[in-house]
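Student: turn this into a model:
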Amino acid sequence: MIKYIIRRILTMIPVLLGVTVIISALVYLAPGDPARIALGRNANPEAYQQLRQQMGLDRPPHLRYFDWLLDVLSGNLGQSITTGRPVTQLIIERLPATLELAVGSLILMLAIAIPLGIVSAIWQNSWVDKTSMVFAIFWLSMASFWLALMLILIFAVELDWFPISGRSGAVLSLTGFTYVVLPAVANGTRRAGLLTRMTRSSMVETLSEDYIRTARGKGIGRELIIYVHALKNAMIPIVTLIGLQIPTLFSSSVIIETVFAWPGMGTLLLQAVTQRNYPVIQGIVLVYAVLVIVANLAVDIAYAYLDPRIEYD
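Tutor: Numbering: from 1, shown residues only. Model prediction:
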C-alpha cells in the first residue's frame, strides 16, 4: 500500500502540470484586459501601457506561464495583480470556509443517502421504496442555485430560522452551524438523490447474493446481515460514486458561495475571473486540483479496506 501511495503521489505531478497548462491557456486566451478593467475604457493610453507593464501583461503568455510555474515550484503562487497581496495568503484565508462547506455538504449527503438507500433496498417495491425514489429523483432534478434561493426565502426570510448569508462563529459552534446549514443543504441534497439511487441498487444486488441467503439460513440476525455482511460489500460502488461527486462539490460551491456570500475560494475565484486576475485564478484552480486528487487517493485507499482482495502492491 505504501508503494502504491508513493506512485500515486508521483503521478500527481504530470496531472497537476497538465491542469496548469490548460487553465493558463484558457485564462490568457479569454477576452478582457486587467489593466483596461482597472483603469476604465477612457484611461490615458500612457497610463494604460504603464499599468500593463507593471502587471507583466506586455510579455508573451508562454513566458508569463513559465515564470509563474517557476514561482509555484519554489512555493510561491504569485501576487494578485489587483491588490498586490500574495495569492498564497489569499487562499489560506479562504480555504477553511470552502473546506467547511464541502465537508458539511458531504456529511449531509451521506447522512441522507446511505440510510435512505438501505431502507429502500430492504423494503424493495414497497411504498417506502417508491417514496424514497421519488425523493431521490426530486432532489436530483433540482438546480442548486434555485434551491439556494428558495432556502433563503423560506428559512431565512420568512421563518427567520437561519442567517441569510455570510459566515460567523467557530466551525463546531452553534453559531457556525446555523450559518453553514443552508449552504450545505443547497450544495449536498442534489448529490444525495444520486447517491440514494446508487446505494439502493448496490444493496439490492448484494442482498440477492448466495452468501446472504446462506447467512440467513444459518440463523444470523437481520441487522447483522444488513449492516455487517451486505453493507460493507455494497460500499465499493457507493464509495466510487462519492469519489466522483467530490469534484462537483467543489465546482458547485462556487455558485453556492456566491448566493450565500460565503467567504470561500469560490467567491474569490469568481471575483478574480471578473477582474481577469490571472495569478489568483491559476492558484485557486491548482488548489482545487490538489484537493480532488487527494480525495481520489483516499477513495482508492478505502477500496482496500472495504475489500481485502484488493492489493495495490
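Student: contacts and neighbour counts: CA atoms only from here.
Tutor: Fine.
Student: sec struct for T11, please.
Tutor: helix (DSSP: H, G, I helix; E, B strand; the rest coil).
Student: what is the neighbour count of it?
Tutor: Here the number of neighbours of T11 (other CA atoms under 10 Å) works out to 12.
Student: who's in contact with A261?
Tutor: Counting by CA atoms under 8 Å, 6 or more residues apart in numbering, A261 touches 165-166, 267.
Student: if you rank those residues by neighbours, which is first?
Tutor: T267 (22 neighbours).
Student: tell me which helix or strand that residue sits in.
Tutor: helix 265-275 (DSSP states H and E).
Student: so what's the gap between that helix and the chain middle?
Tutor: Here helix 265-275 is found 16 Å from its chain centre; the criterion is CA atoms, centre = their mean, to the nearest Å.
Student: returning to what we had before: as TSV, the contacts of A261 with pLDDT and distance to Y4 would be great.
Tutor: Putting the contacts of A261 into TSV (pLDDT from 0 to 100; distance: CA to CA, whole Å) gives the following:
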residue	pLDDT	distance to Y4
S165	83	43
G166	81	41
T267	89	36
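Student: residue ranges for the strands of this structure, please.
Tutor: Using DSSP state E, the chain contains no strands.
Student: quick one: the helices in it?
Tutor: Using DSSP state H, the helices found in the chain span residues 2-29, 34-39, 45-55, 61-73, 87-122, 127-140, 144-151, 174-207, 210-217, 222-224, 231-259, 265-275, 278-306.
Student: for G78, grab the count of nearby residues.
Tutor: As a burial measure, the neighbour count of G78 was computed by other CA under 10 Å and equals 22.
Student: and it, what does it touch?
Tutor: Under the criterion of CA under 8 Å, 6+ apart, the neighbours of G78 are 68, 71-72, 86-88, 279-280.
Student: could you identify the buried members of those residues?
Tutor: In terms of neighbour count (16 or more other CA atoms under 10 Å), the buried residues within the contacts of G78 are 68, 86-88, 279-280.
Student: low-confidence ranges, the stretch 51-200 of the chain, go.
Tutor: In the predicted model, the stretch 51-200 of the chain carries no residue with pLDDT under 70.
Student: what angle do the helix holding T267 and helix 231-259 make?
Tutor: 40 degrees (axes from the mean of the first three to the mean of the last three CA atoms, to 10 degrees).
Student: list the contacts of the residue nearest to Q245 when sequence neighbours are not counted.
Tutor: Nearest non-adjacent residue to Q245, counting by CA to CA, 6 or more residues apart in numbering: R191, 7.2 Å away. Listed by CA under 8 Å, 6+ apart, the contact partners of R191 are 109, 139-140, 245.
Student: ok, of those residues, which one's closest to S24?
Tutor: Nearest to S24, judged by CA to CA, of those is Q245 at 24.9 Å.
Student: ok, the residue nearest the centre of the chain - contacts?
Tutor: Within the chain, the residue whose C-alpha comes closest to the C-alpha centroid is F250; the distance, by CA atoms, centre = their mean, is 2.3 Å. Taking CA under 8 Å, 6+ apart as the contact definition, F250 lies against 98, 102, 288.
Student: list only buried entries from those.
Tutor: The neighbour count (16+ other CA under 10 Å) marks 98, 102, 288 as buried among the contacts of F250.
Student: related to what we said a few turns ago, for the helix holding T267, which helices and strands make contact with it?
Tutor: helix 34-39, helix 87-122, helix 231-259, helix 278-306 (3 or more CA pairs under 8 Å, 6 or more residues apart in numbering; DSSP states H and E).
Student: could you redo the last one with a cut-off of 6 Å?
Tutor: Contacts defined by 3 or more CA pairs under 6 Å, 6 or more residues apart in numbering; DSSP states H and E place helix 265-275 against helix 231-259.
Student: could you give me the buried positions within the helix it packs on?
Tutor: Of all the residues in helix 231-259, those buried under the rule 16+ other CA under 10 Å are 231, 233-239, 241-243, 245-247, 249-250, 252-259.
Student: repeat that for stretch 42-51.
Tutor: Buried-residue list, stretch 42-51, by 16+ other CA under 10 Å: 48, 51.
Student: mind putting the buried ones among the contacts of G78 in TSV, distance to Y48 included?
Tutor: Rendered in TSV, the data for the buried ones among the contacts of G78 read as follows (distance: CA to CA, whole Å):
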residue	distance to Y48
W68	23
P86	23
V87	24
T88	27
P279	20
V280	21
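Student: between these, which is nearest D129?
Tutor: Nearest member of those to D129, counting by CA to CA, is V280, at 46.9 Å.
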